[in-house]
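Engineer: Structure here, sequence nowhere to be found:
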Ligand SMILES: Nc1ncnc2c1ncn2[C@@H]1O[C@H](COP(=O)(O)OP(=O)(O)O)[C@@H](O)[C@H]1O
Ligand SMILES: O=P(O)(O)O[C@H]1O[C@H](CO)[C@@H](O[C@H]2O[C@H](CO)[C@@H](O)[C@H](O)[C@H]2O)[C@H](O)[C@H]1O
């Protein structure tokens, strides 16, 4: 199948289409160029499925994204008319086509290679073929497809060089028998260029609820009964927050065993503090409304320079929040070990303080407590309830962590933990500015509260 005409058509369409995709990570900067640089026909004919690499240029910097592009002469109505070529053939984002997505699972099941693209499954796993793949509709930086009740395939959108950390870490944790992850089952590789990982197949936890959904339901319950305290309403989350703390401590111990762990070295805290200042510089230039907090932030960072070094450094989750944990009937699982989507890969795989993950989860309790108030008229009573919910669940999480972790109670390292939490909130300001501008007020208000 000749792919040049499709690539030419996409070259015209993508600069305006890409910035409107939820998973597109560069919404803060104009797209100067979005050039499809390679197309591999995974299925030729009608229907067709193309794997397309797109080089995106923004502010002179290049990033690489992957697209699955489907094509049919007579598509069902919901897929029709996205891009129509000169021959009247319809082209569209193929993750919305469950029948075409079935082909990806079938290729993993049979261990196919198509040109540079390799489909692999773990050697001790045999997979059921022939399942259609439905795209997950939740807020995502990537795109995940669910196959029956069994499997979930994550297609990484912005590609980074070499093995994807999510796949690498899942496999390492599975090898040491970690009980708090979904089993890794297979992957899709690109054996050209920087050899990025394109996708990861895992066991799908059909009975699971994600932590963000559970926590925000609990907050909603509390807000609906604003005259009651957090421990008096039906949806109290503190027992779950406690169990979650214990699960995170167990995963930290497994990560230390599976990958790396060593004492903090001289100068390491200084380097971390320098990085906090640098991140703040970047975010301040993109989001001027953070400026009133600059002084307080910088002094909280500086206080960490003189504080105790915390606990041994090790491989950490890197972007832990309530949307990255699933409650199954057997307990909590952690997902998505890819780290912060915007950080360079070298930073994501470096040993870091596990207090970073604690800080991420503490931020998330604060987010869950305050997100219902976004865009609402000020209501003092609801503000008080939100704060109460956050304090109660943050405390329960730390209690659960301290009961299991060999490193003890994270709150013993208060100054460093606070600086890490503020650093995470600065990251969130940038993340929200680039991805969900309506939510930027959540981390901005938190910074004002924590730093004051
Ligand atoms: N193994 C799994 N079982 C059930 N649901 C999952 C599993 N892994 C991920 N999910 C769901 O898919 C969503 C996206 O997954 P995630 O790995 O966080 O993707 P992203 O990197 O795009 O943020 C999660 O919010 C979660 O609800
Ligand atoms: O899940 P991802 O790896 O894509 O992480 C990114 O997106 C997250 C949002 O989906 C973002 O998390 C922020 O919002 C959450 C609520 O939606 C909240 O629980 C987190 O505390 C908050 O940081 C995350 O920062 C970003 O990297």
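Structural biologist: Sure, I can see it. In this text, all values refer to a predicted model and were calculated from it rather than measured experimentally. Ligands and ions are numbered 1, 2, ... in the order given.
Engineer: helix, strand or coil for residue 146?
Structural biologist: strand (DSSP: H, G, I helix; E, B strand; the rest coil).
Engineer: Ok, residue 35 next?
Structural biologist: Note that with three-state DSSP, the state of residue 35 is strand.
Engineer: same deal with residue 56?
Structural biologist: Residue 56 falls in the strand class when you classify it by three-state DSSP.
Engineer: Test my guess that it contacts residue 34.
Structural biologist: Yes. Under the criterion of C-beta atoms under 8 Å, residue 56 makes contact with residue 34 at 5.0 Å. From N, CA and C alone the C-beta is placed, and that goes for glycine too.
Engineer: what about the stretch 151-300 of the chain, any weak spots by pLDDT?
Structural biologist: For the stretch 151-300 of the chain, applying pLDDT under 70 flags the ranges 226, 230.
Engineer: and the protein, which of its residues are near ligand 2?
Structural biologist: Contacts of the chain with ligand 2, taken as C-beta under 6 Å from any ligand atom, map to 139, 141, 212, 319, 321-324, 336, 340-341, 363-364, 367, 428, 431.
Engineer: Most neighbours out of those residues, which is it?
Structural biologist: Most neighbours among the residues of the chain next to ligand 2, by other C-beta atoms under 10 Å: residue 363, with 27 neighbours.
Engineer: re earlier: filtering the residues of the chain next to ligand 2 by proximity to ligand 1, which remain?
Structural biologist: Applying C-beta under 6 Å from any ligand atom to the residues of the chain next to ligand 2, those adjacent to ligand 1 are 141, 323-324, 336.
Engineer: between the residues you listed, which is closest to ligand 1?
Structural biologist: Minimum distance to ligand 1 across those is 3.5 Å, recorded for residue 336 (C-beta to the nearest ligand atom).
Engineer: you'd agree the closest one is in a strand?
Structural biologist: No. Counting by three-state DSSP, residue 336 falls outside a strand, being coil.
Engineer: sorry, back to before: find residues that contact each of residue 56 and residue 34.
Structural biologist: residue 18 (C-beta atoms under 8 Å, 6 or more residues apart in numbering).
Engineer: mind checking which helix or strand the closest residue to ligand 2 within the stretch 1-150 of the chain is in?
Structural biologist: Closest residue of the stretch 1-150 of the chain to ligand 2, C-beta to the nearest ligand atom: residue 141 (3.4 Å). Assigned by DSSP states H and E, residue 141 belongs to neither a helix nor a strand.
Engineer: let's have the chain start at 5 instead
Structural biologist: Renumbered: residue one is now 5, and that last one reads residue 145.
Engineer: Distance of it relative to residue 69?
Structural biologist: 11 Å (C-beta to C-beta, to the nearest Å).
Engineer: who touches both of these two?
Structural biologist: 161-162.
Engineer: Spatially nearest residue to residue 61, not counting backbone neighbours?
Structural biologist: Of all residues not flanking residue 61 in the chain, residue 37 sits nearest, at 4.1 Å (C-beta to C-beta, 6 or more residues apart in numbering).
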